[in-house]
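>>> Dropping the sequence and predicted coords here.
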Amino acid sequence: MNKLFVFLAVIFLAQTNYAQNIEVCNTCTVSTLKDAIAQAKDFDTITVKKGTYKEHNVIVDKPLTIIGEDYPVIDGEFKGEIITVISDNVTVDGLFIINVGNSYTTDYAAIRVRNSKDFLIQNLVLEKLFFGIYIEKSRDGKVFHNKIIGDAVEEYNSGNGIQLWYSKNVEIEHNFIQHVRDGIYLEFSDFCTIKNNVSSLNVRYGLHFMFSNDDIYQDNEFSDNGAGVAVMFSKRIKMYDNIFKENWGTASYGVLLKEINDAEITGNIFEENTIGINIEGSNRIIYKNNDFISNGWAIKVRGACYTNSFLENNFLYNSFDIAYNSKVNDNVFDRNYWSNYTGYDLDKNGIGDVPYRPVKLFSYIVNRTPETIILLRSLFIDIIDFSEKVSPVFTPDNLMDNNPKMKKIAW
């Protein structure tokens, strides 16, 4: 009898704790997302039917799954932040969130995750926003398949598409981001994966991160942004198979590397940027199997860069392959293909018999006096470049590729 009583009690508790589904619609008993959250128990599912819901400051303070059917609109009416998640184990899926409030003192977001773990933010459409998705002091979450379209014009009054701050082990994949300040921004966020995102037409950077270590950036496209991508003050970064394209401007580049150490940059395409990679104070980086195509400068090294290796890259039709502002070099250039190489291969082994010097004297001159760029195609420039190649004076005499490839390297 006692065993039967215990069994029935367990069944009763299981039924009372069983996750329920709460429907939200304009004609339902529950007509707002706030009311649904208030009524829900832990691990319930809230289904938001198609319609428009004028709500802001929605606090998700318990483990819930919130799913939108046919992209219901959550309209914040520019009154402030719209959804804030402060619980573990929350999923937000399939909402159309618009009209985030603007402020010069508070970073209002369409959706913020704060002090949480095991979250999933996916399939959202965010428009008319200040910040889009803001992950703050959170970990072990996923940000998948979101479309974030801002209307930013200037930096000072706009926010970022996806921002991570003091977060860890977050996956950001398959997001589409345009017209915000920085497409993706990380600060003090480690062991994150940024993969298969498109970040373009943003006011400042397609990607911007600082003080973040052990992150992976793979298969992303960063194109036509104000200043390209900035990677600063970080260690052990891996950047694989990304596209950095059409980032043009007087202070623009595909990628800025500043104080980056022990990184890998492999399999990327840098095409039609003012500067493919602008490097400052970065050491022990391996650049391998990258394509540098039709950039102003493929690589501009601004000093304090040591023990880096540039191996088996293609340098194709850049105005300048390498700019270097120091007379000291301990970086390695080996087995790269240079479209400007005019040497020969008598033994037919695919390696040029004459080393290639990628730093031209004219590049050195333009670095010091930018106005001289107007002489780029003149015969005089060809003469001084030839003289520097024969007898280096202004560039490091050991900065050369001793094994230049005769043919473009196929991956």
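Right, received. Where do you want to start?

>>> domain parsing for the chain?
Split into domains by automatic domain parsing, the chain comes to 18-226, 249-411.

>>> looking at those, which is buried most?
domain 18-226 (a mean of 20; mean count of other Cβ atoms under 10 Å). Quick note: C-beta positions are derived from backbone N, CA and C, even for glycine.

>>> Let's have the domains of the chain in JSON lines, adding distance to N242.
Compiled in JSON lines, the domains of the chain are given as follows (distance: least, Cβ to Cβ, whole Å):
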{"stretch": "domain 18-226", "distance to N242": "5"}
{"stretch": "domain 249-411", "distance to N242": "5"}
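
>>> Dump those domains into CSV; add mean pLDDT and distance to F233 as well.
As requested, the domains of the chain are exported to CSV (pLDDT from 0 to 100; distance: least, Cβ to Cβ, whole Å):
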stretch, mean pLDDT, distance to F233
domain 18-226, 97, 5
domain 249-411, 86, 5
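
>>> Helices of this structure, start to end?
For the chain, the helices defined by DSSP state H occupy 2-16, 33-39, 361-368, 379-390.

>>> hang on, the earlier thing: out of the domains of the chain, which is closest to Y240?
Of all those, the one in closest proximity to Y240, counting by Cβ to Cβ, is domain 18-226 (4.5 Å).

>>> Now do the end-to-end distance for the closest one.
The stretch domain 18-226 measures 51 Å between its terminal residues, going by Cα to Cα, to the nearest Å.

>>> how far is it from where the chain is centred?
Offset of domain 18-226 from its chain centre (Cα atoms, centre = their mean, to the nearest Å): 16 Å.

>>> contacting residues for the spatially closest residue to M210 that is not a sequence neighbour?
Distances taken as Cβ to Cβ, 6 or more residues apart in numbering put M232 closest to M210, at 4.6 Å, once the chain neighbours are dropped. Counting by Cβ atoms under 8 Å, 6 or more residues apart in numbering, M232 makes contact with 209-211, 256-260.

>>> Against N247, how distant is F191?
27 Å (Cβ to Cβ, to the nearest Å).

>>> so F315 makes contact with F292?
Yes. Using Cβ atoms under 8 Å, F315 is in contact with F292, at 5.0 Å.

>>> Can you pull the residues that touch both of those two?
Residues touching both F315 and F292 (Cβ under 8 Å, 6+ apart): 298, 321.

>>> and which of the contacts of M232 is nearest P355?
Top of the list for closeness to P355, among the contacts of M232 and by Cβ to Cβ, is L257 at 25.9 Å.

>>> I'd assumed E280 was in contact with the closest one.
Yes. L257 is within contact range of E280, at 7.0 Å (criterion: Cβ under 8 Å).

>>> need the contact list for T52.
Here T52 is in contact with 72-73, 75 (Cβ under 8 Å, 6+ apart).

>>> Let's see that with 10 Å instead.
Neighbour list for T52: 26, 72-75, 96, 98 [criterion: Cβ atoms under 10 Å, 6 or more residues apart in numbering].

>>> Which one of those residues is nearest to H174?
Nearest to H174 among the contacts of T52, with distances taken as Cβ to Cβ, is F96, at 17.6 Å.

>>> quick one: the closest one and C28, what's the gap?
The value you get for F96 to C28, if Cβ to Cβ is used, is 19 Å.

>>> how close does F292 get to R284?
Distance of F292 to R284, computed by Cβ to Cβ: 21 Å.

>>> how far away is the nearest residue to K49 once chain neighbours are set aside from L33?
Nearest residue to K49, sequence neighbours excluded (Cβ to Cβ, 6+ apart): C25, at 3.7 Å. Using Cβ to Cβ, one gets 11 Å for the distance from C25 to L33.

>>> same check, this time on N340
Using Cβ to Cβ, N340 is found at 60 Å from L33.

>>> Contacts only, for V332.
286-287, 307-311, 399, 401-402.

>>> My error: substitute H179 in the last question.
Contacts of H179 by Cβ under 10 Å, 6+ apart are 127, 129, 148-153, 158, 161, 200-203.

>>> same check, this time on A304
Counted by Cβ under 10 Å, 6+ apart, A304 has contacts 259, 279-283, 326.

>>> these two touch, right, Y205 and L186?
No. Shown here, Y205 and L186 do not form a contact pair, counting by Cβ atoms under 10 Å, at 11.1 Å.

>>> Mind listing the shared neighbours of the two?
Listed as contacting both Y205 and L186 by Cβ under 10 Å, 6+ apart are 160, 231.

>>> which residues are common contacts for L257 and E280?
With Cβ under 10 Å, 6+ apart as the test, L257 and E280 both reach 232, 301-302, 305.

>>> want to throw those residues into JSON lines with distance to G80?
Formatted as JSON lines, those follow (distance: Cβ to Cβ, whole Å):
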{"residue": "M232", "distance to G80": "31"}
{"residue": "V301", "distance to G80": "46"}
{"residue": "R302", "distance to G80": "42"}
{"residue": "C305", "distance to G80": "45"}
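
>>> Farthest pair within these?
M232 and V301 (16.3 Å).

>>> just checking, K147 touches Q178?
Yes. Taking contacts as Cβ under 10 Å, K147 lies within contact range of Q178: 8.9 Å.

>>> what do the two both touch?
By Cβ under 10 Å, 6+ apart, the residues touching both K147 and Q178 are 161, 198.

>>> Return the residues in contact with the spatially most central residue of the chain.
In the chain, the centroid-proximal residue (Cα atoms, centre = their mean) is L207; its distance is 3.5 Å. Neighbouring residues of L207 by Cβ under 10 Å, 6+ apart: 162, 177, 182-186, 194, 197, 199, 217, 220, 222, 225, 228-231, 239, 242, 244, 255.

>>> out of the residues you listed, which are inside strands?
Among the contacts of L207, the members found in strands (DSSP state E) are 162, 177, 184-186, 194, 199, 217, 222, 229-231, 239, 244, 255.
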